[in-house]
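> show me how the following folds:
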Amino acid sequence: MATMSTTFTASASFSLTDSEGVTIFSYSPSFTSSSNTATQALYTGEHLAQTGGSELALADVNDDRVYVFIKNVDTDYNVEVEASESETSALELADLNPRECMFAPMELNGDGSGSSIKVTADTADQKIQYLICDASDN
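Prediction:
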């Protein structure tokens, strides 16, 4: 039986240029991480963010640390993204406008509490795309 492993690479480029064309600030972060598990290390798909909120369970991938990418694929309405701190409270991570996306490394609680992301649609139910990748527990 083969062992599955995943390598995840994220990169971006940001620059700020003044009206004269002079670069004021430039930053190009990039990193690569290997999977921490030999089981399912990557979840991806589409999810319907409901007006009452719905959850993406991160602990199914790793109960310590994951990388999360979420994109609001709707063309009209916002989607709020929250990290669950406990069963009764959540911390807002992003308010994604139509077609915006977010990326975040997330540290989870090993006991299973605080191990999901809640996505809530502003108006009508909205579709998001997501990728959840296992990360090394360094």
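> all contacts plus neighbour counts: C-alpha atoms, from now on.
Fine.
> residue 121 contacts residue 81, doesn't it?
No - when contacts are counted by CA atoms under 8 Å, residue 121 is not listed as touching residue 81 (9.1 Å).
> grab the nearest non-local neighbour of residue 95.
With sequence-adjacent residues excluded and distances taken as CA to CA, 6 or more residues apart in numbering, residue 95 is closest to residue 80, at 4.4 Å.
> the host helix or strand of that neighbour pairs with which strands, parallel or anti?
Per DSSP states H and E, residue 80 falls inside strand 79-84. Its sheet considered, strand 79-84 pairs with strand 90-96 (antiparallel), strand 116-121 (antiparallel) by DSSP bridges.
> CA atoms only: put the following helix or strand past the longest one into PDB for me.
Sequence order places strand 101-107 as the next helix or strand after strand 90-96, per DSSP H and E. Once side chains and other backbone atoms are set aside, the C-alpha atoms of strand 101-107 remain, and they are given as PDB (Å, rounded to 0.1, in the frame of the first residue of the first chain):
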ATOM      1  CA  CYS A 101      -9.800  35.200  -1.200                       C
ATOM      2  CA  MET A 102      -7.800  34.600   2.000                       C
ATOM      3  CA  PHE A 103      -5.000  32.400   3.100                       C
ATOM      4  CA  ALA A 104      -4.100  31.700   6.700                       C
ATOM      5  CA  PRO A 105      -2.000  29.200   8.700                       C
ATOM      6  CA  MET A 106      -4.100  28.100  11.600                       C
ATOM      7  CA  GLU A 107      -3.100  26.600  14.900                       C
END
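> same for strand 101-107, what does it pack against?
Helices and strands touching strand 101-107, by 3 or more CA pairs under 8 Å, 6 or more residues apart in numbering; DSSP states H and E, are strand 65-72.
> specify the angle between the strand it packs on and strand 90-96 in degrees.
40 degrees (axes from the mean of the first three to the mean of the last three CA atoms, to 10 degrees).
> what about strand 65-72, average pLDDT?
For strand 65-72, mean pLDDT rounds to 86.
> got the angle between it and strand 101-107?
160 degrees.
> how far away from the center of its chain is strand 65-72?
Its chain's C-alpha centre and that of strand 65-72 lie 1 Å apart, by CA atoms, centre = their mean, to the nearest Å.
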